Every structure is written in structure tokens, then in C-alpha cells.
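Participant: Provided below for reference: sequence and predicted model.
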Amino acid sequence: MPGEGRNIDAVLRIPITLQVVLGSATMPVANLLKLGRGAVVPLNHRVGEPVDVVVNGRVVARGEVVVVEDDTSRFGVSLTEVLGPNAASER
């Protein structure tokens, strides 16, 4: 089909938001107001558990946090599992 290549190029340039969810915490507002510099908020994920990779609000993969080889001051995610299209709705 004429112009089909241009259509896919346009789709491939659409920006997405990718997030890595390290964990979450629930606390009463009173505890939130007591937080200050140096406070530690325990998260629901434990060390060694996979983190969720979320694209536009949907979990698309899981992985483990790693230090980026080229820049040891940055973290990255090594994907260990890529989820199918139906997996996001199962969670």
C-alpha cells in the first residue's frame, strides 16, 4: 500500500512514558507529615524481587535493578520477563 511505511514511522515516533516501579507504601497522613530529611520509608518490595516496568500505566515487563556499566552513577533495569498483551489486565 502506498504510504504505509510513512504511517508506521509516524507511530514509531510517538513518545511514551516508561516507569520502573521500585515499590510503594501506604501510611496515614499524620505519619506523612512527620517525615523529614533522612527518614526511611519502607516499601512493599523486598531486595531481590523483580520491579515492574510500566508503559503508559500498564505493566509490560519485570526486571531487576542494575548499575549502568557505562555510567556507574546511574541505575537501569535488566528485563527478566516481558509480559504479553493480556498480562497487564491480569494484574
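Facilitator: Thanks, I have the structure now. Bear in mind that the values here come from a model prediction, so they are computed numbers and not experimental data.
Participant: dump the residue contacts of residue 60.
Facilitator: Residues near residue 60 by CB atoms under 8 Å, 6 or more residues apart in numbering: 53-54, 82-83, 88. (Each C-beta comes from the backbone N, C-alpha and C, glycine too.)
Participant: quick one: strands adjacent to the longest strand seen in the chain?
Facilitator: Taking DSSP state E as the criterion, the chain has its longest strand at strand 58-67. Using DSSP bridges, the strands paired with strand 58-67 are strand 51-55 (antiparallel), strand 75-82 (antiparallel).
Participant: For it, buried residues please.
Facilitator: By neighbour count on 16 or more other CB atoms under 10 Å, the buried set for strand 58-67 is 59-63.
Participant: nearest to residue 20, of those?
Facilitator: Comparing the buried residues of strand 58-67 against residue 20 with CB to CB picks out residue 63 as the nearest, at 7.7 Å.
Participant: hang on, that closest one packs against residue 78?
Facilitator: Yes. Using CB atoms under 8 Å, residue 63 is in contact with residue 78, at 5.3 Å.
Participant: Could I get the full set of helices for this structure?
Facilitator: 4-12, 29-34, 87-90 (DSSP state H).
Participant: most centrally placed residue in the protein?
Facilitator: residue 20 (1.8 Å; CA atoms, centre = their mean).
Participant: Could you check how far residue 66 is from residue 82?
Facilitator: Residue 66 sits 16 Å away from residue 82, taking CB to CB, to the nearest Å as the criterion.
Participant: how near is residue 61 to residue 37?
Facilitator: In terms of CB to CB, residue 61 sits 34 Å off from residue 37.
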